[in-house]
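J.: no sequence for this one, just the structure:
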């Protein structure tokens, strides 16, 4: 069912929404009595989930009696993003608010028409509504309230048609690609610094950190397996057991321990040599620049 969908929102979406809220034209919007930002969500559909990977804001006006949306700008942005990322398509829209209002019905009807026309499906795809309270006015003081909804029609059984529309809440999770995860970890390190600055580590330092993380995960896996085998100290998970068996099987079938050890040592030597040559070349270029400038 559509109500069981999970909305996986990537970090870039949150950053774009917050940046749009911070960069909004405060003077013009305050004069018009409008403090909200609205935009289109881009992504793709998966089985049981919706991946929201990108978004952009669109001009709109709800200060007058008739709500206004810049449809031309929206269509041009969707077309441009499809050229750069053909796998992405419009999957919904966002609004920087904490509550669903009556205006959301009109906005949603507009996006139903736009997304249905842009979709290659025969039936209308699920269209998600993402509300993000950038003022942190919700119950959570240190966490930005983020909610997702899916509209469904409701009515009296036996009636000719539906009588109302209900926005059902969906589960929202933070998802990240490997590159996004690296950027998040780097920004997390910057939070601990006094000047909120972070520097990229060298290749050997990154290899050391990755190796330490791998050892930590192996120790946690070993502790879990020993806890399950020791008189049922920990409850067993069949899915976890199958995944561990796949890891063991793939590692034992692909390469023998002696060959794996030789490969790791040779790769490490090659990496150290490349790193040494890169540092040597950089030093020579710096010396050359100083000689030329002198």
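T.: Cool, the structure landed. It should be emphasised that the depicted structure is a prediction, and the values quoted were computed from it without experimental measurement. Residues are numbered from 1 along each chain as shown.
J.: just after the helix or strand encompassing residue 168, pick out the following helix or strand.
T.: Assigned by DSSP states H and E, residue 168 falls within strand 164-174. Downstream of strand 164-174, the next assigned helix or strand under DSSP H and E is helix 178-192.
J.: which other helices and strands contact that next one?
T.: Under the contact criterion of 3 or more CB pairs under 8 Å, 6 or more residues apart in numbering; DSSP states H and E, helix 178-192 touches helix 11-23. All C-beta atoms are positioned from the backbone trio N, CA, C, and that covers glycine.
J.: for the helix it packs on, give the mean pLDDT please.
T.: Averaged across helix 11-23, the pLDDT comes to 87.
J.: pull out the buried residues from that helix.
T.: Neighbour-count burial for helix 11-23 flags 11, 12, 13, 14, 16, 17, 20, 21 (criterion: 16 or more other CB atoms under 10 Å).
J.: contacting residues around the second one?
T.: Read that as residue 12. Applying CB atoms under 8 Å, 6 or more residues apart in numbering to residue 12 gives the contacts 53, 54, 180.
J.: could you rerun that using 7 Å?
T.: 54, 180 (CB atoms under 7 Å, 6 or more residues apart in numbering).
J.: mind checking how far it is from residue 87?
T.: 15 Å (CB to CB, to the nearest Å).
J.: what residues does the strand or helix carrying residue 117 touch?
T.: Per DSSP H and E, residue 117 falls inside helix 103-118. The contact list for helix 103-118 (CB under 7 Å, 6+ apart) reads 38, 62, 67, 69, 74, 78, 89-90, 92-93, 95, 124-125, 127, 129, 151, 165.
J.: which helices and strands does the strand or helix carrying residue 285 pack with?
T.: Using DSSP H and E, residue 285 falls within helix 257-293. Packing partners of helix 257-293 (3 or more CB pairs under 7 Å, 6 or more residues apart in numbering; DSSP states H and E): helix 203-229.
J.: relative to helix 203-229, how tilted is the helix or strand that comes right after the helix it packs on?
T.: Per DSSP H and E, the first helix or strand lying C-terminal to helix 203-229 is helix 238-254. Angle of helix 238-254 versus helix 203-229, following axes from the mean of the first three to the mean of the last three CA atoms, to 10 degrees, is 120 degrees.
J.: rewinding a little: could you list which of the contacts of helix 103-118 belong to strands?
T.: 38, 69, 89, 90, 92, 93, 95, 129, 151, 165 (DSSP state E).
J.: what about the second one, how many residues nearby?
T.: Around residue 69 there are 19 other residues, counting by other CB atoms under 10 Å.
J.: buried members of the contacts of helix 103-118 into ChimeraX, please.
T.: A single ChimeraX command selects the buried members of these (16+ other CB under 10 Å):
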select :38,62,69,74,78,89,90,92,93,95,125,127,129,151
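J.: redo the buried residues of helix 11-23 as JSON lines? Include distance to residue 144.
T.: Listed next are the buried residues of helix 11-23 as JSON lines, based on distance: CB to CB, whole Å:
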{"residue": "11", "distance to residue 144": "12"}
{"residue": "12", "distance to residue 144": "15"}
{"residue": "13", "distance to residue 144": "12"}
{"residue": "14", "distance to residue 144": "8"}
{"residue": "16", "distance to residue 144": "14"}
{"residue": "17", "distance to residue 144": "9"}
{"residue": "20", "distance to residue 144": "14"}
{"residue": "21", "distance to residue 144": "11"}
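J.: which of those residues sits closest to residue 243?
T.: Set against residue 243, the nearest of the buried residues of helix 11-23 by CB to CB is residue 11 (25.7 Å).
J.: so what's the closest one up against?
T.: Residue 11 neighbours (CB under 7 Å, 6+ apart): 176, 180, 184.
J.: let me have those residues in a markdown table, extended by distance to residue 244, pLDDT and neighbour count.
T.: Formatted as a markdown table, those follow (distance: CB to CB, whole Å; pLDDT from 0 to 100; neighbours: other CB atoms under 10 Å):
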| residue | distance to residue 244 | pLDDT | neighbour count |
| --- | --- | --- | --- |
| 176 | 24 | 86 | 16 |
| 180 | 27 | 85 | 15 |
| 184 | 27 | 82 | 13 |
